[in-house]
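>>> Give the three-dimensional model of this entry:
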Amino acid sequence: MSKSEILANLSNDVEELLGKLGSDLSPEVRELRDRLGKGIAETRKSAARAGAEANSAMKNYAVVADDYIHDSPWIAVGTAAAAAGIIGFVAGNLFASNRRGWSW
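Residues are numbered from 1 along each chain as shown. Reported below is the predicted structural model:
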């Protein structure tokens, strides 16, 4: 379960609790209901703002990476090939060591 799902479930549970407390007219319950309502609204705004900021940052990173690859395509290809070679080498050694009985 993701953090956003947990937050949504929590806010729904609190709103349900507030609805059940709606018939109680004591000042303490009304004050608590008002504080919880404000807290839920603020939490939802904060979560939406954080999501928008994360989305914006990801778009900026994608644009920067795209610009770099267009400016230096051979460096990007070389880096990708080197990374693939290293991953292949490490994976090959790990699998080979499991078959031969000795560790790396």
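>>> Tell me where the protein is predicted with low confidence.
Residue ranges of the chain with pLDDT under 70: 1, 21-25, 97-104.
>>> where along it do the helices fall?
For the chain, helices defined by DSSP state H occupy the ranges 3-20, 27-71, 73-100.
>>> Same list (the ones you listed) but as a markdown table, adding mean neighbour count.
For every residue, glycine as well, the C-beta is placed using N, CA and C. Shown next, in a markdown table, are the helices of the chain (neighbours: other C-beta atoms under 10 Å):
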| stretch | mean neighbour count |
| --- | --- |
| helix 3-20 | 12 |
| helix 27-71 | 11 |
| helix 73-100 | 10 |
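>>> Can you spell out the domain ranges of this protein, please?
What automatic domain parsing lists as the domains of the chain is 1-71, 72-104.
>>> residues touching residue 30, list them.
Applying C-beta atoms under 8 Å, 6 or more residues apart in numbering, we find residue 30 in contact with no residue.
>>> distance of it from residue 84?
According to C-beta to C-beta, to the nearest Å, residue 30 stands 63 Å off from residue 84.
>>> and what of residue 95?
16 Å.
>>> Repeat that for residue 26.
67 Å.
>>> Residue 33 too?
Distance from residue 33 to residue 84, counting by C-beta to C-beta: 58 Å.
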